[in-house]
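[1] For reference, the sequence and a predicted model appear below.
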Amino acid sequence: MEYGSLVRLATWNVNSLKARLPRVEEWIDDIRPDVLCLQETKSTDDAFPSQFFADRGYESVHHGQGQWNGVAIISRVGLEDPVANFADGLPPDPEARLITATCAGLRVSSAYVPNGRDLENDHYRYKLEWMARLRAHLEADTRPEAAVVVAGDFNIAPDDRDVHDPAKFVGATHVSTAERDALRSVESWGLSDLFRYLYEEDRMYSWWDYRAGAFNKGEGMRIDLILGSEAVRNRSRWVIIDRQARKGDKPSDHSPVLVDLDE
DNA sequence: ATGGTCGTTGCACGA
C-alpha cells in the first residue's frame, strides 16, 4: 500500500472543546486525522467552532447541548448523511451523546456513553439502557456487513487488563459485569474493539484522573474505544493511544485513540 | 482512610 492511501480515524474526549482548542489545534496539525470523533465538547451548536475546522480543511457536524456532553465528527474525506441522536425511532435521548455520519465510505458514530456514577445510581441504569439503545441504533441505521465504526468514550473498561488495579474497582462502575455485558452485546451486533483485536498488552490506558498524579503513577483505564465491523477490522493496520496528548499544558484527562485503515 | 483536579457556572456539581 503506497504512502497516503490510508484513512486515519481518531477519537478524543476533549473535556470542553473551548478549553482544549489550543491542544486540539496542535494535535490536528501534527497528526492530520482524516476523521476525528470528539466527545464532551460542552458546547452549544451555535458556539461550535466549525470555521476553525473549516480553516484547516475539515467539514464538521456537532450535536451539542451546552454545559454538558456534546459530540462531533470532523472529516476531510467527506461528511454525509449526518444523524444526531439515536436512529431507533424512540423519543430522543435528552442528552447529546451520539452523532453519526458517513466519511470516506465509513459509517462513523461518535459516542459518549453515560458515566454511570455508581451501581446504585439512576445514571447507572441510564447507562445500561443507553448501551441497549446504541445497539438498536445500529440495527436501524446500518448493517454489520457495512464498514461501520463506533468510536468514543464508553466509560467501560472491557476487561481487567484495561484497569490499573482491578482490586480497587470491585463494586465500582466502569468494570461491572452488567456494563461489560452491555458492551459485548453491542459488539455482538458485529463490532470488534480494534485495539484489543490487535494487541494483548495491559497497562495501555486512555484516561487518567486529573487528581493525585494518576497519570504520572500510571493509574488509568482504557475506556476510549474504536469499535469496527469486520470490513473495518480487516483494514486496521495499527491502533495507537496517544499518551503524549495527556502531557503538557492544560491536557484533557483523556488521550486520543487513532487507527490507520488501509484504503 | 480520605482527598487530591479540572471544567462548567455562579459561590456547587459532574467526571
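    Done, it's in. Residues are numbered from 1 along each chain as shown, chains lettered A, B, ... in the order given.
[2] Please name the residues that touch A:Asp162.
    A:202, A:204-205, A:221-223 (C-beta atoms under 8 Å, 6 or more residues apart in numbering). In this view, the C-beta of every residue, glycine as well, is placed from N, C-alpha and C.
[3] and A:Ala140, that one's in a strand?
    No. Assigned with DSSP: H, G, I helix; E, B strand; the rest coil, A:Ala140 falls outside any strand and is helix.
[4] Just give the closest residue to it, not the sequence neighbours.
    The shortest distance from A:Ala140 to any non-neighbouring residue, by C-beta to C-beta, 6 or more residues apart in numbering, is to A:Ala87 (4.5 Å).
[5] just A:Phe215 next, same as before
    Nearest to A:Phe215 is A:Trp208, by C-beta to C-beta, 6+ apart, at 4.0 Å.
[6] how close does the one you found sit to DNA strand B?
    Taking C-beta to the nearest atom of the strand, to the nearest Å as the measure, A:Trp208 falls 11 Å from DNA strand B.
[7] where does that residue fall, phi/psi-wise?
    As for A:Trp208, its main-chain torsions (degrees, to the nearest 10) stand at phi -140, psi 130.
[8] Get me the contact residues on the stretch 151-263 of chain A for DNA strand B.
    Residues of the stretch 151-263 of chain A lying close to DNA strand B (C-beta under 7 Å from any atom of the strand) are A:210-212, A:250.
[9] From A:Leu198, how far off is the closest residue to A:Leu79 other than its chain neighbours?
    Spatial nearest neighbour of A:Leu79, excluding adjacent residues (C-beta to C-beta, 6+ apart): A:Glu59 at 4.1 Å. Between A:Glu59 and A:Leu198 the distance is 29 Å, computed by C-beta to C-beta, to the nearest Å.
[10] which of the two has more neighbours?
    More neighbours surround A:Glu59 than the other of A:Glu59 and A:Leu198, with 18 against 15 (other C-beta atoms under 10 Å).
[11] who's in contact with the more buried one?
    Contacts of A:Glu59 by C-beta under 8 Å, 6+ apart are A:53, A:74-76, A:78-79.
[12] before we move on, the earlier item: tell me which two in the residues of the stretch 151-263 of chain A next to DNA strand B are the farthest apart.
    Largest separation among these by C-beta to C-beta: A:Ala212 and A:Lys250, giving 18.2 Å.
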